[in-house]
Structure formats: C-alpha cells, structure tokens
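J.: Generate coordinates for the sequence data below:
(4 chains)
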2 protein chains.
Amino acid sequence: MAKDNSRTTMGDVAARAGVSQMTVSRVLNKSGKTSQTVRDRVQKAASELGYVHNRLATGLRMRFSPLVAVVLPTLGNRVFPEVLNGVNDALSEAGLRAVFGVSEYDDAQEEALVRDLLSWQPRGILLPGLEHSAATRAAIAGAVSASGTRVVEVMDIDGDPISVAVGVAQAEAGREMARHLLARGHRRIAYLGAQGDRDRRAAKRLEGFAEALRAGGGRLIVSRVSEGPSSLAEGRQMTADLLSTTKPHAIYYSNDDLAAGGLMHCLANGIDVPGQVALAGFNGLDIADALPLRLTTTRTPRYQIGFQAGRILAGDDAGAQMASVSGPRVIDLGSELVAGDTT
Amino acid sequence: MAKDNSRTTMGDVAARAGVSQMTVSRVLNKSGKTSQTVRDRVQKAASELGYVHNRLATGLRMRFSPLVAVVLPTLGNRVFPEVLNGVNDALSEAGLRAVFGVSEYDDAQEEALVRDLLSWQPRGILLPGLEHSAATRAAIAGAVSASGTRVVEVMDIDGDPISVAVGVAQAEAGREMARHLLARGHRRIAYLGAQGDRDRRAAKRLEGFAEALRAGGGRLIVSRVSEGPSSLAEGRQMTADLLSTTKPHAIYYSNDDLAAGGLMHCLANGIDVPGQVALAGFNGLDIADALPLRLTTTRTPRYQIGFQAGRILAGDDAGAQMASVSGPRVIDLGSELVAGDTT
DNA sequence: AGAGCATATGTTTACGTAAACATAGGTCAA
DNA sequence: TTGACCTATGTTTACGTAAACATATGCTCT
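T.: Sure, this is the predicted structure:
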C-alpha cells in the first residue's frame, strides 16, 4: 500500500532501492546508462511503493508540459466529439494529453478559456476556426513567442491561419451544394441554420452557397437562423414553421442534425422528398446514411481533421516543421458532396 | 509583447513593479493584505508583460493540481460527450479543468489510462461504471490514501462504489422495459446490443430485462451482440439480419442508436411498427423524439450525471462531505421509461 | 604497469510558485 | 513617551523532477 500520508517520490524509491534519486529518474525514464541490477532493484522498489510519476514536476522542470490545450465551440454537436476523438488519439500516440474547454461559440468565452488553458503551459493549442478576438490572438502570440507554443486552427481553411489550419474549404462546399441543387432543377431555395451569427463556418458556407446560387440563376428566398444549438428537434420545428408559409424547391441546412430533423418532419407529414421539397445538409454524420432516404450532404473528415491537428501539435509530424519554417500553412483535407435521395 | 525567449514569471513582474515576488503572488491571488498602490502597480506590470500564471508550479507547490481526471469508455456514443459536458460545466464553475482519456470499453486500457491520468496528481477521478480491474482499483486506492483523491463512478449504481456512484439503476431499467413490453402484449422478444460483452451496464439491463420477462411469461428468443461500437448503421444492419430469419414481437436494443437504426430499417422496408414488430431503446437521445415515430426508450439524465459528479469531484458539494464521512454512497438520479409510438 | 577512457552512479541546481516565518513602520492607549 | 500591536511587505524554503556537472570503478592498449 501507499505511504502514510504524503505521496511517494523518487526519493522514497531511491532510499528503498539504495540508490540516488537521480538514478531512479534515469531508470524510470530509460535515459542515460544504468546497470541491469540497479534497474531491477529500482523497478521493484517503485512497484512495491506504488510510485506514481509526478508530471507537474516534470512539466515544471522541462520547458513545457505534455499537455495540449483544446478549445471546442460546443460538445452538443456530434462533430466536435469526433474531432476531439481524433486529437486525443493522435496525442495519446505521442504520450500527450488534452486539456479542453468549451467556448459555446462565444468570443469572450473563448478569450477567457484560452488564457486559462495557456496557464497549463501547453505545448500547443487547438482552436476552432480562423476568427478570434484581438485579445485571444495577443494571448496566443505571447505564448508562441515565450514558449514556442504550437497553434493549429481546425475545420476552416478560408482565411489566414495564425500558424497552421487543418480543415476544409467552407465557402467552396457551399458553392458546390448550390451547383448540385441547381443541377437537379431547384431554383427557389431556403436556408436554415442555428447558433445565431456565431457559427462563422456556416456563414461562410452560406455566402458561397448564395453566390453560386445567384450565378446559376437560382434564388435564396428565405434564410433563417435560430439562436440556440442545432438539434433534430430544432430542425424539425424550423422546417415545419418554414413550410407552413413558404414552398421552396429545396432547403439547405447548416448541418445534418437540422436536415435530418427536417426530413423527419416531411416523413411524418407525408411530404414528398424531393418531389415537394428537396433537402440538403452538411457534415455527413452517420445519420445521413441511415435514414429511410439517404440525405444529400457534404461529408467532412472530422476525425481526420482532429487526428492530423493532433499530430502537428504533438510535433511528430513533418507538416509541423514545414509550418514553422515557411509561415502560415493550410492543410485541406477535402470535403465531398454526397448526393443522396433527398435532392 | 512577451520577453525575448523565456517565459515571464512573477519575479519579472515583481522587478518591474518594484516589489518582491511574494507580493506579486499575493496581489494576483488576492490573498493576504496588499495596499491599493501596490496592487495597481503589480496589475499594470503584469498586464504590460503579458504575464501568464504557471499552474504547473502552483500544482506542484500546493498539494494537488486543479485538474480532475475523467475516464470515458468512448467518445463515439452521444452519451459520453454529454456526460463530459456536464462534468466540464461543474468543474469550470469551480475553476477546475478536466484531463480525460478514452478506454474503449477495455479493462487493460482503462488500467493504463488511470495510471497515466493519476500522474497529473488530479484532485479527483471519474470512472465509468463500477467494474474495474484489481490493478485499477489498487492504483486508485494508492492515490486515495496518498493524496485523498476523490473518486466518483458514473452511470451505474448497481453494485458497490469505491466511494461515490452517480447514475441510474441499470437492472431495474431493464425490468421496467420488460414489464412495459409485456403490458403491450409482446411475448417473444429479441435483444440486440453492441460493444461485445464489454458494456457491463448493458449486460445488467439485459439481465434485469430477461428476468422480468420470464417472470411475466415472456421469452427472450434471441440475443445478439455485435463486437463493434453502436451506430445507426449497425442497428439497421443487425435488425435487417435478425428479421430475415426471426419474427419477434419486439426488439429491445442496448441503446437508441441501434434502435433508431432498426426503426429506419422498418420504415424503409414498409415493416409496420409496432404492428409487425415493436422496438425499444435506451438512453432517450434526442433522436428518439424526432423520428417519425417516437421511439419507446428509457430516458437517462446524462448531463446531470456528469454535472453532479463534477460537483462532487470539485468538492463544493455537500454530498461529497457525506460520502467521505459515511463511506460508499450511491446517488440515484433516476431514469424514466418513455412510452413512444414504437411499442 | 600506467595513461586514457568508457561506464555507471552521485551531487548540485533550477524550474515557478506559495506557505511560513521575519521585519519595518505606523497607531494607539495609558 | 513607551511599548504592545497591527499592517504591509520582504526572505527563506520546499514542492518533485531532470539537466549539468562531478566522480569512482574498471577496462583497454601500449
């Protein structure tokens, strides 16, 4: 069992093994030269005492902790747990850990969060999107110049990254979907989104979408964005409201949750899809494929975005080297329009 | 901007403000007495230098870090991000942060993960479920006796917690669903699950379910559990396979993802639900409510479980006091059977 | 056999912070 | 006027680790 009260240190292990603390450090970190005899004795003493490495001390002694800061806009959307999963897998491979926080799509909260996370002296920080307040940028710039903190921005590549951006082209995804809907003969189109004007990536998609729509002779007849988070229920409700007053040829949703909710409304109310109204989402969640009608959507490599970002943050990625040498860098992981049964 | 190269410390701030490092500490932590003059000078110097508090040093100096370890079985299931969200909110209120890891429903991985997370000297650790390997228990016991680490196990309350368990009664939820299906006249019932035999909570539900089913004159005619993670697609596939050879009156799924997938199969293939086959899930995900037919399921308070666990781990919860005084303690947050349109 | 050197281990120190203890200067009562 | 007592600040130290430097032991080569 463990010691009476205070935690077991390398010193305790050293005493029991009859060596110096430094030798214990060498054995446990497999650094430097140690003899087999000493190694065995130290290992034995360590396990007998239930020694637990203290990473706080290591992190303090070394120039940075094996922590990476991860800022997420929300956990309420399937997308970000998937990104987080990718990040976590990449970090785990490198023996690092994530400390994360949620900004709720709010710049002020993001700012406070970034400051807080930086106090853990993370080796790197991951941020959603390319838009951040001046104060956030300043805080990050400070960490970068003081400790060489790595910075990766994920999801969006439409803009200037602080250092490296990993994601997909948002406006182009919107344009692509507009062209698809036009090709299917839809002209009068409605847009439904969520998170107010705080979801900048959705805004960029809409911008590209509207532009290509006009260019192709279509028209965005309505655009409604709810304030709250997106969900199936919200999508269903918004769709019901919309269709009660308007008859668009198609509805473009800011994501698959909303779109799937819209499809549910149509299925439950005998509205023919895509005959009476076509539906298109974004993200390519697995729900899009499992619905009675396969949802037309844009598939994004969320896990891969997280994983790649994690690799760069961990520093064992060639891309990271290049980034530091050649300045801001963009990694486009590509999205793919999946034409389903709903358009 | 920040200093040339090494990070700014309290000493640097102190030098610029013309006071001692300790005074800076007192001002920034609002501890001890300081004069308004000095406070202002220190604040000014700190912000001019872009000083960032070093929590690694604080954590080392104090007896534990403001970190809490969180073990999740997976991020691939809606349920756990929701729990994590609750934990994170509770911890944020208390100025704490979560370091998390994913065990993939695997005891050996959980063990390694727990060891790793404990090296951050967390104030507390959160674990999924009540079943853990002997080595995991030993590692935790060591941390508890050495540093008074708090331990909270979540989701399940059917068993003996290490210290505090926050969750719902799994077996009883299974029994309740069996009674519901029997009351609706279903007798020959199939069970479909995922994650092999590693999801212990699902196993407990099935046990209670089977028991109450027998007691009420029903019969569990098939029980199939896939090895991989649960998903809509998997549920759809498993349901298709099952119905191609068997005609149960009802299918009980280990969770709503699978159940929703099953419902999709039925909707897409014109199978009358619940006429030809009834479907029931577990968790009460929002998808259950948004489908064309509302899915019968058992609603669980996932965010609340996380939040409550977070409060206890943060230590600002009366329940935590009681727990330490009166030994193991169980907090039942209650589940609720929601009869939908599918049974 | 002695110089030279590799190998294994020990000693000192610093990382940044905050508790514990120390002290200068002022206030106030008798 | 003196000393007892605050109040605001400074000094020392320890938290647990690992880099840098120091040393002892034995081995190789001529």
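
J.: Quick one: neighbours of the residue of the stretch 201-343 of chain A found nearest DNA strand D, just the number.
T.: Here the residue of the stretch 201-343 of chain A nearest DNA strand D is residue A:315; by Cβ to the nearest atom of the strand that distance is 15.7 Å. In short, each C-beta sits where N, CA and C put it, glycine included. Other residues within reach of residue A:315, judged by other Cβ atoms under 10 Å in any protein chain shown, total 15.

J.: got the contact list for it?
T.: The neighbourhood of residue A:315, defined by Cβ atoms under 8 Å, 6 or more residues apart in numbering or on different chains, consists of A:94, A:123, A:124, A:150.

J.: ok, 7 Å please
T.: Residue A:315 is in contact with residue A:150, counting by Cβ atoms under 7 Å, 6 or more residues apart in numbering or on different chains.

J.: what's the answer for residue A:65, then?
T.: Going by Cβ under 7 Å, 6+ apart, residue A:65 touches A:59, A:120, A:121, A:122, A:123, B:56.

J.: I'd like the distance between it and residue A:20.
T.: To residue A:20, residue A:65 is 25 Å away according to Cβ to Cβ, to the nearest Å.

J.: now the closest residue to residue A:284 other than its chain neighbours: how far from residue A:144?
T.: Residue nearest to residue A:284 in three dimensions, not counting chain neighbours: residue A:299, with 3.0 Å by Cβ to Cβ, 6 or more residues apart in numbering or on different chains. The spacing between residue A:299 and residue A:144, counted by Cβ to Cβ, is 33 Å.

J.: ok, for residue A:235, nearest residue in space, not its chain neighbours?
T.: Distances taken as Cβ to Cβ, 6+ apart put residue A:261 closest to residue A:235, at 2.5 Å, once the chain neighbours are dropped.

J.: I'd like the distance from stretch A:60-71 to the chain centre, please.
T.: Between the centre of stretch A:60-71 and the centre of its host chain there is 19 Å, according to Cα atoms, centre = their mean, to the nearest Å.

J.: Nearest spatial neighbour of residue A:207, chain-adjacent residues omitted?
T.: Nearest one to residue A:207, counting by Cβ to Cβ, 6+ apart, is residue A:171 at 5.8 Å.

J.: Looks like that neighbour contacts residue A:156 (just checking).
T.: No - using Cβ atoms under 7 Å, residue A:171 is not in contact with residue A:156; the gap is 9.6 Å.

J.: Distance of the residue nearest to residue A:207 relative to residue A:129?
T.: Distance of residue A:171 to residue A:129, given as Cβ to Cβ: 13 Å.

J.: With residue A:115 instead?
T.: For residue A:115 relative to residue A:129 (Cβ to Cβ), the value is 18 Å.

J.: Equivalent analysis for residue A:236, please.
T.: Distance from residue A:236 to residue A:129, by Cβ to Cβ: 27 Å.

J.: same deal with residue A:306?
T.: 14 Å.

J.: So if I had to pick from these two, which one is more boxed in?
T.: Between residue A:306 and residue A:129, residue A:306 has the larger neighbour count (other Cβ under 10 Å), namely 28 against 22.

J.: looking at this, that one is in a strand?
T.: No - read with DSSP: H, G, I helix; E, B strand; the rest coil, residue A:306 is helix and lies in no strand.

J.: quick one: it and residue A:91 touch, right?
T.: No - between residue A:306 and residue A:91 there is no contact under Cβ under 7 Å: 9.7 Å.

J.: Name the surrounding residues that touch stretch A:228-238.
T.: Outside stretch A:228-238, the residues that touch it by Cβ under 7 Å, 6+ apart are A:74, A:76-77, A:192, A:194-195, A:224, A:226, A:253-255, A:257-262, A:264-265, B:286-287, B:289-290.
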